[in-house]
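Chemist: Generate a structure from the sequence data that follows.
(one chain, ligands or ions: 2)
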Amino acid sequence: MIEQHTIALAGNPNTGKSTLFNLLTGLKQHTGNWAGKTVDMKAGYFSHKDRKYEIVDLPGTYSLYSNSADEELARNYIIFEKPEITIVVLDATSLERNMNLALQVLEMTGRVIVVMNLMDEADKRGILINEKILMRRLGVPVIKISSRNRTGVDMLLDTIDRMITGEISTEPVTVVYDEETEKKIILLEEKAENIFQGRLPARWVALRLLDGDQRLIEEIEKRFAGRLEDGFAGRASVSTIGRSV
Ligand SMILES: Nc1nc2c(ncn2[C@@H]2O[C@H](COP(=O)(O)OP(=O)(O)OP(=O)(O)O)[C@@H](O)[C@H]2O)c(=O)[nH]1
Ligand SMILES: [Mg+2]
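Modeler: Ligands and ions are numbered 1, 2, ... in the order given. I've put the predicted structure just below:
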């Protein structure tokens, strides 16, 4: 039987996620500044080396908190549906602005490939990017591509394949906060770990509790209600641990 794996495409708006999605799946979905904006997630399929992939094109967002329906949708997919690989698509011409989202995804999952798209445009503008340094810093594969010119896509497919087989393992960087915050994170992380036991990334839950992200807490309660054994003492637990520090 053919194995099927799941991949998500995340990133800021307009970084070429749908262009890459279309390239991989062969779908003719509209792309472009206005008409092409992805407002809902779309799923498509492709095969590579005897493996079948379901790939989900998430709406572009600047962050993955609870600021908008798009952000919640993208966030919920990554955190609750747990795609085996999340590809973060960055615009190589504005890496600094784009990096924030990559770090947010790395707090949610280590199964990440960072793709620097629009390399044709970056080359044209003389922007030099050392992906090896970035790769070392982020602890995940970083690949330069141009979805428009179809360059780098073979390398991306090869990296996906090698991540699925376990040939490539990642060591995602941990974003370290100030001492005061780190103390609170450690306390909350322990409680979150006890409650979710690996079902959700504990440090990420701790960070969101510190944010006081009420919408997320409600979402977690909705999705986990009655599905967690001891430790998840009814609806109170997730919302109350946040108040305990
Ligand atoms: N020069 C260049 N343009 C690209 C490349 N990839 C995508 N584009 C263009 O960038 C624009 C946005 O592409 P989309 O694929 O719609 O971007 P998106 O990330 O899906 O956008 P949202 O759905 O709004 O988040 C389109 O005009 C694409 O043709 C690339 O590699 N090089
Ligand atoms: Mg799109």
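
Chemist: where does the chain have low pLDDT?
Modeler: 1-2, 27-39, 226-245 (pLDDT under 70).

Chemist: Okay, domains of it per the record?
Modeler: Following automatic domain parsing, the chain resolves into domains at 3-164, 179-244.

Chemist: Turn the ones you listed into CSV, columns for mean neighbour count and distance to Val173.
Modeler: Placement of C-beta: from N, CA and C, glycine included. Converted to CSV, those look like this (neighbours: other C-beta atoms under 10 Å; distance: least, C-beta to C-beta, whole Å):
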stretch, mean neighbour count, distance to Val173
domain 3-164, 18, 5
domain 179-244, 16, 12
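
Chemist: nearest to Pro172, of those domains?
Modeler: Closest of those to Pro172 is domain 3-164, at 3.9 Å (criterion: C-beta to C-beta).

Chemist: roughly how far out does that closest one sit from the chain middle?
Modeler: 8 Å (C-alpha atoms, centre = their mean, to the nearest Å).

Chemist: Between the two ends of that domain, how far is it?
Modeler: 11 Å (C-alpha to C-alpha, to the nearest Å).

Chemist: Contacts only, for the residue nearest to Asp213 when sequence neighbours are not counted.
Modeler: Among residues not flanking Asp213 along the chain, Ser66 sits closest, at 5.4 Å (C-beta to C-beta, 6 or more residues apart in numbering). By C-beta atoms under 8 Å, 6 or more residues apart in numbering, the contact set of Ser66 is Glu72, Arg75, Asp213, Gln214, Arg215, Leu216.

Chemist: Of those residues, which belong to helices?
Modeler: Glu72, Arg75, Gln214, Arg215, Leu216 (DSSP state H).
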